[in-house]
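Trainee: Model the following, please.
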Amino acid sequence: MPFVDITNQSIFYAARGLSGAPLVFIHGAGDSHLCWNGQLAAFGAHRANQFAPTQTPSVPADTGTVSAARAFALDLPGHGRSGGAGRTTVHDYAVAVREFLDVLNLERAVIVGISMGGAIAQTLAVDFPERVLGLGLVGTGAKLRVAPAFLQGIQSDFENIARVLVENFFTPDAPRELKEKGVTQLLATGAQVTYDDFAACDAFDLRARLGEIRARTLIVCGSEDKMTPPKYSEYLAQNIAGAQYHRIENAGHMTMLEQPAAFNAILGAWLGRLN
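Mentor: From the prediction side, this is the model:
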């Protein structure tokens, strides 16, 4: 797996696919590119009609061929295998992603982000609109308020609050393996970077600028999302012109991990129309 250098930092990324529109996945607070493994495998090497609708009601009735994609998922600065420090604002993370696009000579890309990654994607769409071919917003909002107990807990009792956070990332019936991997990832990221991420989310507020987004936009959330409840996604859909909104049942905050087939079907059908 390759690395690139941005602003004297080594950035790790995974990539799949050799042709088609660039598709860049951005993870959330305290996480890494690994949360997108199911999408890298699917969209970097998919076949025609692979993403035809399932019986999930929220999947759009579109059975057209989905064009191939060059799929990328990066570890943000200070996360996963990327070097250096994290950032303290969503805007600074957006600048880092723009630099990542520059180094890979990706003039425009479809940007898909979850949670803080969705905030970064929105920021790219308003501050660097010429770089955004399409926008996928997953389990996110135009304002991301973080409970003070989470911020305090990260500083005072990180291991315990990591488990509390992960329980809020998933539905109660989600596989225990997913939850354990989530805890392991947060602990690997560390308290300082995780705190800075959540503080950056708490300070994020793009509500006044949603009208500036011109990129074609897909909005997806889980029906049981406790971190960014469906009303957050509904607000985005009401304030971004032409946005498509899909709610996936029986899924929490990490929709693409809990319901990957439904998520991939929705994203794939949307990409087919976008292309």
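Trainee: Let me see the ranges of the strands in the stretch 1-150 of the chain.
Mentor: With DSSP state E, counting those that start in this stretch as the criterion, the stretch 1-150 of the chain has strands at 3-6, 9-16, 21-26, 69-74, 109-114, 132-138.
Trainee: okay, these in CSV with mean pLDDT, distance to Ala94 and mean neighbour count next?
Mentor: (Glycine included, C-beta is placed from N, CA and C.) Shown next, in CSV, are the strands of the stretch 1-150 of the chain (pLDDT from 0 to 100; distance: least, CB to CB, whole Å; neighbours: other CB atoms under 10 Å):
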stretch, mean pLDDT, distance to Ala94, mean neighbour count
strand 3-6, 93, 12, 15
strand 9-16, 96, 14, 19
strand 21-26, 95, 9, 26
strand 69-74, 93, 13, 25
strand 109-114, 98, 10, 27
strand 132-138, 98, 11, 26
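Trainee: any weak-confidence spans in the stretch 151-275 of the chain?
Mentor: The stretch 151-275 of the chain contains residues with pLDDT under 70 at 275.
Trainee: Helices along that one, start to end?
Mentor: Ranges of helices within the stretch 151-275 of the chain are 158-169, 176-189, 191-203, 230-239, 255-258, 260-274, based on DSSP state H, counting those that start in this stretch.
Trainee: and among those, the most buried is which?
Mentor: Of all the helices of the stretch 151-275 of the chain, helix 255-258 carries the top mean neighbour count, a mean of 24, counting by mean count of other CB atoms under 10 Å.
Trainee: And the contacts of it?
Mentor: Under the criterion CB atoms under 8 Å, 6 or more residues apart in numbering, residues 35-36, 38-39, 114, 138-139, 170-171, 174, 178, 220-222, 225, 248, 250-252, 263-264 lie in contact with helix 255-258.
Trainee: at 10 Å what do you get?
Mentor: 25, 34-39, 42, 112, 114, 138-139, 169-171, 173-175, 178, 181-182, 220-225, 246-248, 250-252, 262-264, 266-267 (CB atoms under 10 Å, 6 or more residues apart in numbering).
Trainee: Could you export that helix as CSV, CA atoms only?
Mentor: C-alpha atoms of helix 255-258 as CSV (Å, rounded to 0.1, in the frame of the first residue of the first chain):
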residue,chain,number,x,y,z
THR,A,255,-23.9,2.4,8.2
MET,A,256,-21.5,1.1,5.7
LEU,A,257,-20.2,-1.5,8.2
GLU,A,258,-23.5,-2.6,9.6
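Trainee: need the helices for the stretch 1-150 of the chain, in chain order.
Mentor: 37-43, 90-103, 116-127, 148-156.
Trainee: Can you lay out those helices as CSV showing mean neighbour count and distance to Leu236?
Mentor: CSV is the format used below for these (neighbours: other CB atoms under 10 Å; distance: least, CB to CB, whole Å):
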stretch, mean neighbour count, distance to Leu236
helix 37-43, 20, 20
helix 90-103, 20, 15
helix 116-127, 26, 8
helix 148-156, 15, 22
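Trainee: Tell me which residue of this structure is furthest from the middle?
Mentor: Ranking residues of the chain by C-alpha distance from their mean position (CA atoms, centre = their mean) puts Ser156 at the top, at 27.3 Å.
Trainee: hang on, Glu167 packs against Glu180?
Mentor: No - Glu167 is not in contact with Glu180 according to CB atoms under 10 Å; the separation is 11.4 Å.
Trainee: What's the per-residue pLDDT of Gly84 here?
Mentor: The score at Gly84 is 89. That number is its pLDDT.
Trainee: Now for it, how many residues are close by?
Mentor: Look at Gly84: counted by other CB atoms under 10 Å, it has 14 neighbours.
Trainee: Could you measure from it over to Thr194?
Mentor: Distance, Gly84 to Thr194, by CB to CB, to the nearest Å: 16 Å.
Trainee: try Phe150
Mentor: Taking CB to CB, one finds Phe150 at 10 Å from Thr194.
Trainee: got any residues that touch both of those two?
Mentor: The contact lists of Phe150 and Thr194 share 29, 161, 165, where a contact means CB under 10 Å, 6+ apart.
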